[in-house]
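>>> Sequence and predicted model, in that order:
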Amino acid sequence: MNGIAAPPAAQEVVRLDAVRKVYGGPKNEVAALNGVSIGLGQGTFTAVMGPSGSGKSTFLHCAAGLDRPTSGTVMLDGVDLSPLKERQLTKLRRERIGFIFQAFNLLPALTVLDNVTLPLRLAGTRPKKAAVNEVLERVGLAGKRTSRPGELSGGQQQRVAIARALITQPAVIFGDEPTGALDTYTAREVLTLLREAVQWGGQTIVMVTHDPVAASHADRVLFLADGQLVSALERPTADQVAEQMTHLGAWGNRTAATAPQAGHGVHR
């Protein structure tokens with residue numbers, strides 16, 4: 001089951017068609033993605049899960065234009081990424097994509113305000129005071145604008161990263177284990193922020209995670225195994241996600257001796 005139908009509701013912001021990503025040469029070829037087709041609708045929150053080596057990170061990198069597929073097409077906000085040159089891809093990522101990473105990726109010498117507005121400045125756009133104030137208010141950092149990352153907790157740093165992702169009003173935000181470095185309570189706060197960005201702001205979010213609780217905040221969970229989309233859950237509970245991951249872990253061990261059981265915290 002490698003092409004999973006999208007719910008019929010929203011216009012697609014991300015579309016992968018028959019995407020393959022192959023590493024290595026003819027003698028040691030590894031297909032990290034093997035013919036993946038999926039559409040992700042506007043204003044939706046999608047989690048991507050799977051055992052170690054299933055292709056989660058490769059899926060995110062190809063969908064976000066960080067890596068080029070070996071074959072197949074990726075459409076992002078109506079743009080085919082295939083023919084774009086590197087400079088065009090960089091411009092598209094800067095203007096139409098937000099990123100949230102496990103390690104926050106903030107610049108320690110910059111204040112909260114400067115970290116949040118950095119994508120706009122890099123694009124040559126002057127930040128609008130009202131928009132900056134609004135996004136800082138939304139993430140609960142209105143009183144921290146002059147602080148530097150070293151003066152903030154991990155949760156506050158991730159809130160800065162979320163604000164930085166939101167400030168450009170991107171077509172889609174990609175999260176790579178955005179709660180992986182946070183404690184349970186702080187992770188729940190961050191996930192609630194992301195959920196609100198979808199529910200109230202119409203944002204589209206695609207999040208790779210190994211955590212069933214994090215995935216349960218999504219509208220939909222896609223499960224990868226051996227580079228293929230094998231199943232999906234709509235409006236999932238954490239228990240449903242964990243059960244599915246258990247099945248995938250067992251299945252993965254039968255097909256790839258090196259694949260550990262899912263849920264061991266391996267991120268790729």
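Perfect, thanks for sending it. Only a predicted model underlies this, so the values are computations on that prediction, with no experimental measurement involved. Numbers count the residues shown, from 1 in each chain.
>>> Over to residue 236: give its phi and psi.
Note on residue 236: backbone dihedrals following degrees, to the nearest 10 are phi -80, psi 160.
>>> and the gap between it and residue 126?
Using C-beta to C-beta, to the nearest Å, residue 236 is found at 42 Å from residue 126. C-beta: built from backbone N, CA, C; applies to glycine.
>>> ok, now residue 55?
40 Å.
>>> So for these two, which residue has more residues nearby?
residue 55 (26 against 8; other C-beta atoms under 10 Å).
>>> Could you find the closest non-adjacent residue to that one?
Once flanking residues are discounted, residue 55 sits nearest to residue 227: 4.3 Å by C-beta to C-beta, 6 or more residues apart in numbering.
>>> mind listing what that neighbour touches?
Counting by C-beta atoms under 8 Å, 6 or more residues apart in numbering, residue 227 makes contact with 21, 31, 32, 33, 34, 36, 54, 55, 58.
>>> Also residue 70?
With C-beta under 8 Å, 6+ apart, residue 70 has these contacts: 20, 21, 22.
>>> Only whichever of the residues you listed are buried, select them in PyMOL.
This is how PyMOL selects the buried members of the contacts of residue 70, with burial counted by 16 or more other C-beta atoms under 10 Å:
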select buried, resi 20+21+22
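>>> Is it possible to get TSV of the contacts of residue 70 that adds pLDDT, secondary structure and distance to residue 146?
Output for the contacts of residue 70, formatted as TSV (pLDDT from 0 to 100; DSSP: H, G, I helix; E, B strand; the rest coil; distance: C-beta to C-beta, whole Å):
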residue	pLDDT	secondary structure	distance to residue 146
20	95	strand	48
21	94	strand	43
22	93	strand	48
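>>> just the contacts of residue 70 now: which is nearest residue 97?
Within the contacts of residue 70, proximity to residue 97 (C-beta to C-beta) peaks at residue 21, which comes in at 18.4 Å.
>>> Tell me the secondary structure at the closest residue to that closest one other than its chain neighbours.
Nearest residue to residue 21 in three dimensions, chain neighbours excluded: residue 33, at 4.3 Å (C-beta to C-beta, 6+ apart). The three-state label given to residue 33 by DSSP: H, G, I helix; E, B strand; the rest coil is strand.
>>> and residue 33, how many neighbours?
Residues lying near residue 33 (other C-beta under 10 Å) number 30.
>>> before we move on, what about residue 151?
12.
>>> returning to what we had before: quick check, nearest of the contacts of residue 70 to residue 184?
Nearest to residue 184 among these, counting by C-beta to C-beta, is residue 21 at 33.3 Å.
>>> who touches that closest one in this structure?
Residue 21 touches 31, 32, 33, 55, 58, 62, 67, 69, 70, 227, counting by C-beta under 8 Å, 6+ apart.
>>> thought the second one was touching residue 24?
It refers to residue 32. No. Applying C-beta atoms under 8 Å, one finds residue 32 not in contact with residue 24, separated by 9.8 Å.
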